[in-house]
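Colleague: give me coordinates for this.
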Amino acid sequence: MTDTDTRPKNDERRRLPKPVMAAAAAASVLLLAGCSSAAPNDDDSANGIGLERFMEQELAFGACDASIVDSQPPVPEVIEAAEKARCAMLTVPMDYEDLDGGTIEIAVSRISATGDNPIGSVLLNPGGPGAAGTTLAPLVNALWTGGPIPERFDIVGFDPRGVGLSNPAIDCYSDEERDADAPLSALGKWTEESARAIVDKCADGSGSEEVLAHLGTRDVARDMDVLRSALGDDKLTYAGVSYGSRLGSVYAEMFPENVRALVLDGAVDPLMDTADRRIQLSEGVQASFQRFADFCVTQTACPLGTDSARATATARELLQPLEEEPLVAADGRKVGFLAASEGIVSGLYSEASWPAIVAGVTELKAGRPDALLAIRDGYYGRSDSGEYTNSFEALFAINCLDEERFTGEEMTQLGRDLNEAVPFLDPGSTPPAQDGCEFWPAEPTLGYPYATDIDGLPEVLVVSATGDPVTPHEGGISLADTLGARLLTVEANQHGTLISANACVDGALADYLIDLELPDEGTRCTI
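Modeller: Numbering: from 1, shown residues only. As a prediction, this is how the structure comes out:
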């Protein structure tokens, strides 16, 4: 199948406006980083012996938390899907090596199949790590309505441990601290004092240091296998975006015999270590910014000027002064280099958002940061009342258990390498010499490379956009090669394609998820 095939284009399907889809994409996937150095534990508990009481639990589906509806874009089809969702809590071990110890509750949302011949459930993960799957399920269900997938599958989203409505949820900062850009990102200026303090803050807000020690992707993969069993599925059918491709790959490595079908979209390269992954991501962001700049100069009034070759220098001239002299938004918030940069990067997640970046940078040039701040707020799930989701805090905490850690000298060198890879985001200051995860209460557990040399894995579908800003197409090629999977290439400037509402992509997904029929080698779709 190709994007020029004559298969039905499903014109009767209800489509969401592209700006809504772009905003939803930016809200449901986050910048991710790297892998780690520790190997998985192979004792009996980790391999499933003694898990029967968890695997055989019955989920009590009932009314969902109001946020499942309230967090959706204001589109009738999506709201309708969210109102149909039913929710439950899945109980899993805190520590899979101590099955008699504490437990965690995983939030699950489900929209039941509408047809008479259901296959089972398709589990969704929107990425991050740290994005909530419970809110993604209604959006995906609405986009797929009119096609065969919602007829044959229950659409199931879940919030990984530490995320969203799961309990306990990671909580490290107040909303006021998040507004003030507390040092919680690769751009944050960590010190030894703040790196030590963040452990106490996260532990106090999340329940204990034990919680912080059991958030890694391998624990989430085990949770996903418990969920598969509790839903009554003999085999897992799964679709994951961005970090969700890493989660799906790790599940494939740990439970290949339990895989029915895996769609790994916006693919993360399993062979790259943390530093190389971050550099690859940064290079992808810079390439996406340049494509945006090439678009911008075709507009009537581009705030980056008329020469796209100078766009990077112009962006630095606008952004770097905000390090020392932030602008003040209409609501009184100070908007510095980090917040303004996040607004631009968030908009790069989809070409449909490029006009919004043009408007935001135009206003920034005039001393008004509000438009870029609004894009940034949407990305991080900040409500009109100033409340944040915990997505970015969860991203930080989970990556502390998935990533390599660096010495001060290594951090400084990595900072220099990142500034070289994405020069439009170079703050013009000395890179930090402190790893924010250095004092985390457990060593990393992912291991890298991962998902290699898997025996008995069924055929997998990897989907990768040629102009993906944060998981570049090269990573999709590598993941497909590593898993021996089929690669579906999508000509598009966006991160992930799962919620694109594109007939070519949707057709390939339906053929694979329902009939396990992969697209032909070399198939390409265009969005």
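
Colleague: where does the protein dip in pLDDT?
Modeller: Filtered on pLDDT under 70, the chain yields the residue ranges 1-49, 183-188.

Colleague: most centrally placed residue in it?
Modeller: The centre of the chain sits closest to Gly127, judged by Cα atoms, centre = their mean, with a distance of 2.2 Å.

Colleague: that one - that's part of a helix, no?
Modeller: No - counting by DSSP: H, G, I helix; E, B strand; the rest coil, Gly127 is not found in a helix; it is coil.

Colleague: which non-adjacent residue is nearest it?
Modeller: Excluding the flanking residues, the one nearest Gly127 by Cβ to Cβ, 6 or more residues apart in numbering is Ser242, at 3.2 Å. C-beta here means a position set from N, CA and C on the backbone, and glycine is covered the same way.

Colleague: quick check: end-to-end length of stretch 164-179?
Modeller: 19 Å (Cα to Cα, to the nearest Å).

Colleague: distance from the host helix or strand of Arg222 to the middle of the chain?
Modeller: Following DSSP states H and E, the helix or strand that holds Arg222 is helix 217-230. Taking the mean of its C-alpha atoms, helix 217-230 sits 18 Å from the chain's own mean (Cα atoms, centre = their mean, to the nearest Å).

Colleague: then stretch 245-261?
Modeller: Worked out by Cα atoms, centre = their mean, stretch 245-261 lies 17 Å from the chain centre.

Colleague: check stretch 104-123 too.
Modeller: 21 Å.

Colleague: same deal with stretch 163-175?
Modeller: 16 Å.

Colleague: who are the packing partners of the helix holding Arg222?
Modeller: Applying 3 or more Cβ pairs under 8 Å, 6 or more residues apart in numbering; DSSP states H and E, we find helix 217-230 packed against helix 52-55, strand 86-93, strand 103-111, strand 120-125, strand 153-159, strand 236-241, helix 243-254.

Colleague: redo these as CSV? Include mean neighbour count and distance to Gly336.
Modeller: Below are the helices and strands packed on helix 217-230 laid out as CSV (neighbours: other Cβ atoms under 10 Å; distance: least, Cβ to Cβ, whole Å):
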stretch, mean neighbour count, distance to Gly336
helix 52-55, 14, 45
strand 86-93, 20, 38
strand 103-111, 23, 34
strand 120-125, 26, 32
strand 153-159, 26, 30
strand 236-241, 27, 30
helix 243-254, 28, 27
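
Colleague: out of those, flag the one nearest Leu215.
Modeller: When those are compared by Cβ to Cβ, strand 103-111 sits nearest Leu215, at 9.6 Å.

Colleague: just the CA atoms of the closest one, as PDB, please.
Modeller: As requested, the backbone C-alpha atoms of strand 103-111 are provided in PDB (Å, rounded to 0.1, in the frame of the first residue of the first chain):
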ATOM      1  CA  THR A 103       1.300  -1.700  45.700                       C
ATOM      2  CA  ILE A 104       0.600   1.000  43.100                       C
ATOM      3  CA  GLU A 105      -2.700   1.800  41.400                       C
ATOM      4  CA  ILE A 106      -2.600   2.300  37.600                       C
ATOM      5  CA  ALA A 107      -5.400   4.400  36.100                       C
ATOM      6  CA  VAL A 108      -7.100   2.800  33.100                       C
ATOM      7  CA  SER A 109      -9.700   4.200  30.700                       C
ATOM      8  CA  ARG A 110     -11.600   2.100  28.200                       C
ATOM      9  CA  ILE A 111     -14.100   2.700  25.300                       C
END
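
Colleague: report the angle between it and helix 217-230.
Modeller: 60 degrees (axes from the mean of the first three to the mean of the last three Cα atoms, to 10 degrees).

Colleague: and the angle for strand 103-111 with strand 120-125?
Modeller: 120 degrees.

Colleague: can you give the distance of the helix or strand hosting Ser282 from its chain's centre?
Modeller: Using DSSP H and E, Ser282 maps to helix 274-296. From the chain centre to the centre of helix 274-296 is a distance of 17 Å (Cα atoms, centre = their mean).

Colleague: ok, and for it, which residues are buried?
Modeller: 274-275, 277-289, 291-293, 295-296 (16 or more other Cβ atoms under 10 Å).

Colleague: then stretch 371-388?
Modeller: Of the residues in stretch 371-388, those buried (16+ other Cβ under 10 Å) are 371-382, 388.

Colleague: residues in contact with the closest residue to Ala182 other than its chain neighbours?
Modeller: Once flanking residues are discounted, Ala182 sits nearest to Tyr173: 5.1 Å by Cβ to Cβ, 6+ apart. Neighbour list for Tyr173: Ala182, Leu184, Lys201, Gly205, Glu393 [criterion: Cβ atoms under 8 Å, 6 or more residues apart in numbering].

Colleague: buried residues, stretch 404-414. List them.
Modeller: Glu404, Arg405, Phe406, Met411, Thr412, Leu414.

Colleague: and the two most separated of the residues you listed?
Modeller: Among these, Glu404 and Thr412 lie farthest apart (Cβ to Cβ), at 15.4 Å.

Colleague: show me where this structure has its strands.
Modeller: Taking DSSP state E, the strands of the chain run over residues 86-93, 103-111, 120-125, 153-159, 236-241, 259-265, 327-328, 334-335, 461-465, 486-491, 524-526.

Colleague: please report the distance of Pro284 from Ala510.
Modeller: For residue 284 the amino acid is Gly, not Pro. 29 Å (Cβ to Cβ, to the nearest Å).

Colleague: likewise Tyr243?
Modeller: Where Ala510 is concerned, Tyr243 sits at a distance of 24 Å (Cβ to Cβ).

Colleague: what of Gly360?
Modeller: 37 Å.

Colleague: so for these two, which sits in the more crowded spot?
Modeller: The neighbour comparison of Gly360 against Ala510 (other Cβ atoms under 10 Å) goes to Gly360, with 26 against 18.

Colleague: pretty sure that one is touching Ile344, no?
Modeller: Yes - between Gly360 and Ile344 there is a contact under Cβ atoms under 8 Å: 7.2 Å.

Colleague: what do those two both touch?
Modeller: Joint contacts of Gly360 and Ile344 (Cβ under 8 Å, 6+ apart) are Leu372, Ile375.

Colleague: hang on, Phe424 packs against Thr312?
Modeller: Yes - using Cβ under 8 Å, Phe424 is in contact with Thr312, at 4.4 Å.

Colleague: so between the two, which is more surrounded?
Modeller: Phe424 (22 against 19).

Colleague: which residues does that one contact?
Modeller: Gln286, Phe289, Ala311, Thr312, Ala315, Arg316, Leu319.

Colleague: ok, the fifth one - contacts?
Modeller: With contacts taken as Cβ under 8 Å, 6+ apart, Ala315 has the following neighbours: Phe289, Leu304, Ile344, Val361, Phe424.
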